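> I would like to see how this sequence folds:
(2 chains, ligands or ions: 3)
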Amino acid sequence: MHELGVVMEVVKTVQRFAKENGVTQIDTIVLQIGELSSMIPRYVHECYPAAVDGTELDQTKLKIEIIPANALCKNCQQVFNIMKNRSICPECESPEWGLLSGREFTIKEIVAC
Amino acid sequence: MGVFKVLEIKEGVFENNDRQADLLRKELKQRGLFLLNLMSSPGSGKTTTLVNTLNRLKEEMKIGVMEADIDSDVDAHTIAKQGCKVIQLHTGGMCHLDAEMTRQGLDGLESGELDLAILENVGNLVCPAEFDTGAVKNAMILSVPEGDDKPLKYPLMFSICDVLLINKIDVLEHFDFDLDAVRERATKLNPNLKVIPISARTGEGIDEWVRWLCQEVKQWQVEA
Ligand SMILES: Nc1nc2c(ncn2[C@@H]2O[C@H](COP(=O)(O)OP(=O)(O)O)[C@@H](O)[C@H]2O)c(=O)[nH]1
Ligand SMILES: [Mg+2]
Ligand SMILES: [Zn+2]
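Ligands and ions are numbered 1, 2, ... in the order given. Below you'll find the predicted structure:
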């Protein structure tokens, strides 16, 4: 499955961050996943235990924040969600817009000490 | 025990690998070694195309091959029969290779005096597209039986490749595969994409592919 390899990449980055910042205990990892990302939050949750198994992150909690696929209409400057509006501006029906967010796949923060 | 607090990381998941890949590319440039990353679904014809390519180029340059197809060294044996240096990478069931694994592979190849290293990536159109291996150029193979809708289903893969080989054109007449539609869909995603229809079985189109590859390797070495 696609998600497992990528979540292992998350684990590596967090391990490096923990080492560099003298973190000894991690409680929660917070990820941000855009609505347009190829990562499916449910699958990320499902493969998380396997990805952290046998690492320092074993037993840590995973939290995922979904980032909406928002765009700015080039015609009327309306900000709208392209998934909910089938890629057409709900104000003026223009299909011309620039993406503001939604492609993220980011490690936002950790809760640790 | 200390008090838990929120520590901001704000790092894209692929950033670390991207940095490793850029570093590897820089080193490859200094050494004048060209790394080609070859990707496709399983069975599209990576190994067959490789064998063809090696036969055309092995007199001209020193080539090494890294095989990453999961759980088997069948492909490595096939390549070894061509008289080229080949190693089997053990991906442990991973769905892609990252820059670090690629670097280890190159070390294992003892790539010191090579001109060209080719990585046969894990057969998969999703994960390898997200992980930069550090290759100088990315090539993908789409074969006729897979269907002409693949650029619509795997847009990222088509957008990160430099060349698209459309393989198995010898069986075109048996499939409703629209070559022009693929060309149009793929170049819409990636205007710089070079598209070359080939048959690894009959050898059709292989000349053009080999010419492209040869040209790229020479250019890389001149700039080194
Ligand atoms: N008809 C036809 N079959 C091909 C062609 N290239 C490869 N094949 C066949 O497709 C199958 C898979 O090829 P292989 O090179 O092992 O694919 P890989 O999994 O991508 O390495 C083999 O049975 C090949 O003989 C081609 O151009 N035309
Ligand atoms: Mg193969
Ligand atoms: Zn509008």
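> residues making contact with the helix or strand where B:Leu142 lies?
Assigned by DSSP states H and E, B:Leu142 falls within strand B:137-143. The contact list for strand B:137-143 (Cβ atoms under 8 Å, 6 or more residues apart in numbering or on different chains) reads B:34, B:36-41, B:43-46, B:49, B:125, B:150, B:157-158, B:160-168, B:182, B:216. Yep, even glycine has a C-beta here, placed from its N, CA and C like the rest.
> put the alpha carbons of it into CSV.
The C-alpha coordinates for strand B:137-143 follow below in CSV (Å, rounded to 0.1, in the frame of the first residue of the first chain):
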residue,chain,number,x,y,z
LYS,B,137,16.3,11.8,-15.6
ASN,B,138,13.1,9.9,-15.0
ALA,B,139,11.7,7.6,-17.6
MET,B,140,8.4,5.7,-17.5
ILE,B,141,6.9,3.0,-19.5
LEU,B,142,3.2,2.7,-20.2
SER,B,143,2.3,-0.4,-22.2
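> any residue of that strand up close to ligand 1?
No: using Cβ under 6 Å from any ligand atom, strand B:137-143 never reaches ligand 1; the gap is at least 6.6 Å.
> would you mind listing what in chain B touches ligand 1?
Within chain B, the positions lying close to ligand 1 (Cβ under 6 Å from any ligand atom) are B:40, B:42-48, B:123, B:167-168, B:170-171, B:199-201.
> ok, so of the residues you listed, who is nearest ligand 3?
B:Ser40 (40.7 Å; Cβ to the ion).
> what number of residues lie near that closest one?
For B:Ser40, the neighbour count with other Cβ atoms under 10 Å in any protein chain shown is 26.
> the residue most central in space within chain A: what secondary structure?
Nearest residue to the geometric centre of chain A (Cα atoms, centre = their mean): A:Ile33, 1.9 Å. At A:Ile33 the chain is in strand, as set by DSSP: H, G, I helix; E, B strand; the rest coil.
> got the contact list for it?
Going by Cβ under 8 Å, 6+ apart, A:Ile33 touches A:Met39, A:Pro41, A:Val44, A:Ile64, A:Glu65, A:Ile66, A:Ile67, A:Glu104, A:Phe105.
> could you measure from it over to B:Leu172?
According to Cβ to Cβ, to the nearest Å, A:Ile33 stands 40 Å off from B:Leu172.
> can you check B:Gln30 too?
43 Å.
> looking at these two, which is more packed in?
B:Leu172 (15 against 8).
> need the phi and psi values for the more buried one.
The phi and psi values for B:Leu172, taken as degrees, to the nearest 10, are phi -50, psi -40.
> do I have it right that it meets B:Val144?
Yes: the criterion here is Cβ atoms under 8 Å, and B:Leu172 meets it with B:Val144 at 5.7 Å.
> thought B:Ile87 was touching B:Ser111?
No: in this structure, B:Ile87 is not within contact of B:Ser111 by Cβ under 8 Å, at 10.0 Å.
> list the contacts for the closest residue to B:Thr202 other than its chain neighbours?
Leaving aside its sequence neighbours, B:Thr202 sits nearest to B:Asp170 (Cβ to Cβ, 6 or more residues apart in numbering or on different chains; 5.0 Å). The contact partners of B:Asp170, by Cβ under 8 Å, 6+ apart, come to B:Ser199, B:Arg201, B:Thr202, B:Glu204.
> show me where pLDDT drops low in chain A?
Low-confidence segments of chain A, defined by pLDDT under 70: A:1.
> nearest to ligand 3: which residue in chain B?
Using Cβ to the ion, B:Lys188 is the residue of chain B that sits closest to ligand 3, at 24.0 Å.
> for that residue, pull up the helix or strand it's in.
B:Lys188 belongs to helix B:179-189 when elements are defined using DSSP H and E.
> so where do the strands sit in the chain?
Chain wasn't specified; assuming chain A. A:26-34, A:61-67, A:70-73, A:79-81, A:97-99, A:105-112 (DSSP state E).
> chain B is the one I meant
B:5-12, B:34-40, B:63-67, B:85-88, B:116-120, B:137-143, B:163-167, B:194-197.
> with distance to A:Cys89 added, can I get those in CSV?
Converted to CSV, these look like this (distance: least, Cβ to Cβ, whole Å):
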stretch, distance to A:Cys89
strand B:5-12, 28
strand B:34-40, 37
strand B:63-67, 48
strand B:85-88, 53
strand B:116-120, 44
strand B:137-143, 35
strand B:163-167, 34
strand B:194-197, 34
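> in JSON lines, list the ones you listed along with mean pLDDT.
Shown next, in JSON lines, are the strands of chain B (pLDDT from 0 to 100):
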{"stretch": "strand B:5-12", "mean pLDDT": "93"}
{"stretch": "strand B:34-40", "mean pLDDT": "97"}
{"stretch": "strand B:63-67", "mean pLDDT": "95"}
{"stretch": "strand B:85-88", "mean pLDDT": "91"}
{"stretch": "strand B:116-120", "mean pLDDT": "96"}
{"stretch": "strand B:137-143", "mean pLDDT": "98"}
{"stretch": "strand B:163-167", "mean pLDDT": "98"}
{"stretch": "strand B:194-197", "mean pLDDT": "98"}
